[in-house]
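>>> here is my input, please return the structure:
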Amino acid sequence: MTLHATPKLTRAEFGKMPDGRAVQIYTLTNQNGLEARITNFGGIVVSLRAPDRHGTMADVILGFDTLHDYLTSSSPYFGALVGRYGNRIGHASFTLDGKEYKLAANNGENSLHGGLHGFNKAI
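Next up, the predicted model:
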């Protein structure tokens with residue numbers, strides 16, 4: 001296991017969006033070597049390397065290695081911020097203070113995890 005004197009934060013480009021915007025990946029490492037890699041695209045936790053009881057480091061997160069894979073797969077929200085809300089809003093609508101609000105249906109007749117443009121798809 002690699003020990004670091006002080007926690008460390010680095011930033012690198014993770015890829016580009018179809019419109020050309022750069023997506024960054026941040027690597028945070030603590031003094032015990034625990035390492036988290038998080039993008040500014042959906043707040044996705046791309047990897048979390050943690051030691052087992054013998055000190056052997058391993059990635060314990062399901063996900064992809066490239067931005068392209070996150071953009072082109074039908075990922076089940078691997079490591080991403082879910083959205084403005086988690087789970088489904090039935091019939092893609094709700095009533096608040098007597099007023100009905102309609103939402104985008106992206107899960108059959110329901111609205112799931114923030115709708116069509118949830119936080120998982122935002123920079």
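>>> just the pLDDT at the spatially most distant residue from the centre of the chain, thanks.
In terms of distance from the mean C-alpha position of the chain, residue 98 ranks first, at 34.3 Å (C-alpha atoms, centre = their mean). Reading off the per-residue confidence, residue 98 sits at a pLDDT of 97.
>>> residue 113 contacts residue 121, doesn't it?
No. The pair formed by residue 113 and residue 121 falls short of the contact definition of C-beta atoms under 8 Å, at 10.1 Å. (C-beta placed from N, C-alpha, C; glycine too.)
>>> out of these two, which sits in the busier spot?
Using other C-beta atoms under 10 Å as the criterion, residue 113 and residue 121 rank with residue 113 on top: 20 against 16.
>>> which residues touch the more buried one?
Counting by C-beta atoms under 8 Å, 6 or more residues apart in numbering, residue 113 makes contact with 77, 82, 83, 85, 86, 87, 120.
>>> again, only this time at 6 Å
Contact criterion C-beta atoms under 6 Å, 6 or more residues apart in numbering gives 82, 83 as the residues in contact with residue 113.
>>> check residue 15 too.
Applying C-beta under 6 Å, 6+ apart, we find residue 15 in contact with 23, 67.
>>> any low-confidence regions in the chain?
Filtered on pLDDT under 70, the chain yields the residue ranges 1-5, 75.
>>> all strands for it, in order.
For the chain, the strands identified by DSSP state E occupy 8-16, 22-29, 35-39, 45-51, 57-59, 88-89, 93-96, 99-102, 111-112, in order along the chain.
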